[in-house]
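Colleague: got a predicted structure here, sequence first:
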Amino acid sequence: MEKKHSGKIPVKHIIGFALSLILTIAAAWVALGSGLPVGWIIAGTLVMAVIQAAIQLFLFMHLTETEGVGHGPWNMMFHGAIMVGIVVAGSLFTMVWAFDMGDMNMDMDKQHQNMQQEQMEHDM
Amino acid sequence: MSEQNLKTGPLEYRTEHGRMNITGFWIFLAAEVVLFSTLFATYAVLIGRTADGPVPSEIYEAKSALLMTFILLTSSFTCGIGIHEMRRGSKKGLITWLIITLILGFSFLGLEVDEFIKYATHEGVTLQTSAYWSSFFILAGTHGLHVTFGTGWLILLIIQVFQRGLTNVTSQKVFIVGLYWHFLDVVWIFIFTCVYLFGMVM
């Protein structure tokens, strides 16, 4: 066990650092130099960001080290990531996308008109 | 997690107290993830709500955003090397790499403060400009505040390691500040992607 942590060259860290730099440059190129449609840029750079976050967690933060702390770290980060998904996607869904799906205002207008009509018929 | 103290393995895991503190810190990090998720959600909802004011694509500069990212990535790397040196039992190595991390942390903060001042004075973009810019300053500012706190924490721990050497207690503290520092880099990766890159293309 001792040996695993005492190598002279921190191979994991060097690999992680090199990958992080490559992914950062790649993400910047995809966004600014590739000329891809915006939707693809968003999806591509997000995927690269998630990979980079995983590099930090697995290669730098010893996420899978179970000798001292069991599976706690993995549980915390896994459920944290799920919470992020729910909070961010849920907010976008309720406050942005619902309005872009369109026709919501039209439906309301129609309803309004119908109600007015009914009211008029009733009055007559 | 057994009651007894271990004789082998990294110093920070040897006492039950140390193991509990590290587990507890992971729980704290999960809470931090949720805190930042609310700020990211606010930001995502307010994208485009610039109220006829400046739009992000004319404000953000790829060069400075990339430079900040590289500095923070490198500081996360040097901090990791510090922990590696600590596990090899090298107090000198640990202190050296932590000081390098600290200097990089200060460089990052300097660039961020410079950026915010430039936005406020030259571009006329402040917290009050529009809903979008409010959410930007709160998100990036909260991260910056965390980095500021982290630099203070690092300074105190460097002093403590210098005075007391590598013990079960000090290595557990350094390991935890290392987790915190790497975590700040995770948050920054998403700020770089979702704020700066998306801001420049949308």
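Modeller: Happy to help now that I have it.
Colleague: what sits up against the helix or strand containing A:Ala31?
Modeller: Per DSSP states H and E: A:Ala31 is located in helix A:11-32. Contacts to helix A:11-32, defined as C-beta atoms under 8 Å, 6 or more residues apart in numbering or on different chains, come from residues A:36, A:41, A:44-45, A:48-49, A:51-52, A:55-56, A:59-60, B:62, B:66, B:69-70, B:73-74, B:76-77, B:80-81, B:84, B:192-193, B:197-198, B:200-201. C-beta coordinates here come from the backbone N, C-alpha and C atoms, glycine included.
Colleague: OK, contacts around the residue in chain B positioned nearest to chain A?
Modeller: Residue of chain B nearest chain A, by C-beta to the nearest C-beta: B:Tyr13 (3.0 Å). Contact analysis of B:Tyr13 by C-beta under 8 Å, 6+ apart lists A:Glu67, A:Gly68, A:Val69, B:Leu6, B:Arg19, B:Ile22.
Colleague: those residues: which two are farthest apart?
Modeller: B:Leu6 and B:Ile22 (13.3 Å; C-beta to C-beta).
Colleague: which among the contacts of B:Tyr13 count as buried?
Modeller: Taking 16 or more other C-beta atoms under 10 Å in any protein chain shown as the criterion, what is buried in the contacts of B:Tyr13 is A:Gly68, A:Val69, B:Leu6, B:Arg19, B:Ile22.
Colleague: got any ranges where the chain has weak pLDDT?
Modeller: Unless you meant another one, I'm taking chain A. A:1-6, A:100-124 (pLDDT under 70).
Colleague: was after chain B, sorry
Modeller: If you take pLDDT under 70 as the line, chain B has these spans: B:1-4.
Colleague: longest helix anywhere in it?
Modeller: For chain B, the longest helix by residue count, based on DSSP state H, is helix B:131-164.
Colleague: and that helix, what does it pack against?
Modeller: The contact analysis (3 or more C-beta pairs under 8 Å, 6 or more residues apart in numbering or on different chains; DSSP states H and E) places helix B:131-164 against helix B:16-46, helix B:91-118, helix B:168-191.
Colleague: what comes up buried for that helix?
Modeller: Quick answer for helix B:131-164 (16+ other C-beta under 10 Å): B:131-137, B:139-140, B:143-144, B:146-147, B:150-151, B:154, B:157-158, B:161.
Colleague: so how far is stretch B:80-95 off the chain centroid?
Modeller: Distance, stretch centre to chain centre, for stretch B:80-95: 20 Å (C-alpha atoms, centre = their mean, to the nearest Å).
Colleague: which one of the helices and strands packed on helix B:131-164 is the most hemmed in?
Modeller: When you average the neighbours per residue for each of the helices and strands packed on helix B:131-164 (mean count of other C-beta atoms under 10 Å in any protein chain shown), helix B:168-191 leads with a mean of 23.
Colleague: near chain A at all, that one?
Modeller: Yes - Helix B:168-191 lies within reach of chain A by C-beta under 8 Å from any C-beta of the partner chain, at B:Gly178, B:Leu179, B:His182, B:Phe183, B:Asp185, B:Val186, B:Ile189, B:Phe190.
Colleague: is chain A within reach of the following helix or strand past that helix?
Modeller: Where DSSP H and E defines the elements, the next helix or strand beyond helix B:168-191 is helix B:198-201. Yes - contact of helix B:198-201 with chain A (C-beta under 8 Å from any C-beta) involves B:Phe198, B:Met200, B:Val201.
Colleague: want to throw these into JSON lines with neighbour count?
Modeller: Shown next, in JSON lines, are the residues of helix B:198-201 next to chain A (neighbours: other C-beta atoms under 10 Å in any protein chain shown):
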{"residue": "B:Phe198", "neighbour count": "22"}
{"residue": "B:Met200", "neighbour count": "19"}
{"residue": "B:Val201", "neighbour count": "16"}
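Colleague: quick one on the thing from earlier: how about the helices and strands packed on helix B:131-164 in a markdown table, adding distance to A:Val96?
Modeller: Output for the helices and strands packed on helix B:131-164, formatted as a markdown table (distance: least, C-beta to C-beta, whole Å):
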| stretch | distance to A:Val96 |
| --- | --- |
| helix B:16-46 | 6 |
| helix B:91-118 | 27 |
| helix B:168-191 | 18 |
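Colleague: who touches the closest residue to B:Phe162 other than its chain neighbours in this structure?
Modeller: Take B:Phe162 and drop its neighbours on the chain: the residue closest to it by C-beta to C-beta, 6 or more residues apart in numbering or on different chains is B:Ile95, 6.2 Å away. Residues in contact with B:Ile95 (C-beta under 8 Å, 6+ apart) are B:Ile158, B:Val161, B:Phe162.
Colleague: what's the answer for A:Phe60, then?
Modeller: Applying C-beta under 8 Å, 6+ apart to A:Phe60 gives the contacts A:Lys12, A:His13, A:Gly16, B:Ser76, B:Phe77, B:Cys79, B:Gly80, B:His182.
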